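K.L.:
Fold the following, please.
(one chain, ligands or ions: 1)
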Amino acid sequence: MKDAYMVFVLMVVVMTPFLPLLWKNKCPACNKRKLVGVERTPAPEDEGRYLTFFACQNCQAEFTREKSGPLFRSDSNCRSQSL
Ligand SMILES: [Zn+2]
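P.N.:
Residues are numbered from 1 along each chain as shown. The predicted structure follows:
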């Protein structure tokens, strides 16, 4: 029984770094788990802040999060599109 427990612990340790990849974030706009991290160049006024950028694969909404704070929508027209 102890061996089975050790195998379980090892699996958890091995899997943990991959969980954020498997577990997509929920989109606040359409409530679907289609939110994926995207690479964005921060605006000049945002430099030095720890910003993470997300885009929804379902409704195309874009969100920004500062550190581990709440998501706020960032696909307004005031930002230049990088597409
Ligand atoms: Zn969405």
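
K.L.:
what secondary structure does the most centrally placed residue in the chain sit in?
P.N.:
When Cα atoms, centre = their mean is applied to the chain, the residue found nearest the centroid is Gly37 (4.4 Å). Following DSSP: H, G, I helix; E, B strand; the rest coil, we place Gly37 in the strand state.

K.L.:
I'd like the numbering to begin with 29 instead of 1 from here.
P.N.:
New numbering, starting at 29: the last item is Gly65.

K.L.:
What residues does it make contact with?
P.N.:
By Cβ atoms under 8 Å, 6 or more residues apart in numbering, Gly65 lies in contact with 80-82. For the C-beta atoms, the positions are set from N, CA and C on the backbone; glycine is no exception.

K.L.:
Please name the bridge partners of it.
P.N.:
On the basis of DSSP bridges, Gly65 is bridged to Phe82.

K.L.:
For Cys58, grab the count of nearby residues.
P.N.:
For Cys58, the count of nearby residues is 13 (other Cβ atoms under 10 Å).

K.L.:
Can you list the low-confidence ranges for this structure?
P.N.:
29, 46-51, 104-111 (pLDDT under 70).

K.L.:
hey, where'd the strands end up in it?
P.N.:
Using DSSP state E, the strands of the chain run over 63-66, 79-84, 90-94, 99-101.

K.L.:
gap between the lengthiest helix in the chain and the chain center?
P.N.:
The helix that spans the most residues within the chain, counting by DSSP state H, is helix 30-43. With Cα atoms, centre = their mean, to the nearest Å as the basis, helix 30-43 stands 27 Å off its chain's centre.

K.L.:
mind checking how far Gly65 is from Arg93?
P.N.:
Using Cβ to Cβ, to the nearest Å, Gly65 is found at 10 Å from Arg93.

K.L.:
Need the overlap of contacts for these two.
P.N.:
Common neighbours of Gly65 and Arg93, using Cβ under 8 Å, 6+ apart, are 80-82.

K.L.:
got JSON lines for the residues you listed, with distance to the ion and neighbour count too?
P.N.:
Below are those laid out as JSON lines (distance: Cβ to the ion, whole Å; neighbours: other Cβ atoms under 10 Å):
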{"residue": "Thr80", "distance to the ion": "16", "neighbour count": "15"}
{"residue": "Phe81", "distance to the ion": "14", "neighbour count": "16"}
{"residue": "Phe82", "distance to the ion": "10", "neighbour count": "21"}
